[in-house]
Structures are given as C-alpha cells and as structure tokens.
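Asker: Here you go, sequence then predicted model.
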Amino acid sequence: MSSEQQEAFETALLEDFASIAKKLSEVDVRKAECRNPKDTEQILGELEREVGLTECNKAVFGLLRGALPLAGQGRAALERVEAAERATSALINQLGALLKSQGDLDGAEALYREALEAKRETLGKKGDLDGAEALYREALEAKRETLGYRHPSTLQSISNLGALLKAKGCAGGEG
C-alpha cells in the first residue's frame, strides 16, 4: 500500500469506519455479473450446486481479508500513535470493531481492554464521572466544530456522553 493509500485508509478508519464495514458487508457472489447474462446464470447455478453460494461468499470474504489486510494496516497505524494517546484514540476502538467484524474476537477484546484500562487510569479506578463528563463534552464540542453535527464520530460522542449521563443517573441528560 502506498503512503498516500495508507494515509487515506487511516483517515477512513478514524473518521468513516462505517464505509469500510459497509463495503465489506456488500460482498455477495449473487451480485456478480458476467458480460453475458447467460454465463452469469450458468456460473451461479454451478456454484450453488457444487459449493453453495453461502459457502462461496465465506471463501471470497476470507480471500478478501487476506488480500486487503485492513486489520494489519490498522494495527500499523495504531503502533504509530504515541503511547500517551494510543488507548484514548478513536483508532483503537475502530480497529477493535474491525477485528470483531472479521471474527477476530480475541484481538478485538485485547484492544477494548487496553482502551478500558487507559480510561480507568485517566479517570481513576473509582470512576471520576464528573471529570469524564467534562472530557466527553469537550470532545463532543470539538467534533461538532470540526466534523459537523451528523458525522458518525460526532454521533458516537453523543452516544458516549448519553451513556455516561445514564451511569451518573442524570434525568433528562442534565448533569
């Protein structure tokens, strides 16, 4: 992958993970087309009889994962993040979600645990919920200013703040 492609991928992983997951989820051999529609019909018929279209999709997805080492690229990007910022970076959660979607539950769990431990260290083991609220509100405002109100990352920040307020027992979202 060229450095330009790497940079574009890292940006997409951070800012538009949903598009990566969506593209991968759209892989379906049933949608494949040949120049000649009769060839498409014949090939899909043989695949269904010999392998099964579901099994073929699984194989294609497995091959794509090998050909498009997104997780490897994401891990490399995460390694370049400074240690102090690594576990609190959106990248660690996005990479965890990517690994989870690819079936690497152990890898996803390790990243989620790393992020959780860093948050505990930052906020204290007992959970400084007021301190966390201030940080979540600051992050939300910055995302609204830089990314806009409807960007997926902004919406995730709203969700995070809502979950925190719920944990604090705030009625109607008031702190």
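Answerer: Structure received.
Asker: so what are the domain limits for the protein?
Answerer: The chain breaks down by automatic domain parsing into domains covering 3-127, 128-175.
Asker: Quick check: the gap between Asp104 and Glu48.
Answerer: Relative to Glu48, Asp104 is positioned 29 Å away (CB to CB, to the nearest Å). For every residue, glycine as well, the C-beta is placed using N, CA and C.
Asker: now the domains of the chain as TSV including mean pLDDT?
Answerer: Formatted as TSV, the domains of the chain follow (pLDDT from 0 to 100):
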stretch	mean pLDDT
domain 3-127	79
domain 128-175	79
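Asker: Next, format those as a markdown table and append mean neighbour count.
Answerer: Shown next, in a markdown table, are the domains of the chain (neighbours: other CB atoms under 10 Å):
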| stretch | mean neighbour count |
| --- | --- |
| domain 3-127 | 14 |
| domain 128-175 | 14 |
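Asker: Check the chain and tell me which residue is nearest its centre.
Answerer: Central residue of the chain (CA atoms, centre = their mean): Gln94, 3.4 Å from the mean position.
Asker: now that one: how far from Ala110?
Answerer: Distance from Gln94 to Ala110, by CB to CB: 15 Å.
Asker: Same check on Glu117?
Answerer: To Ala110, Glu117 is 11 Å away according to CB to CB.
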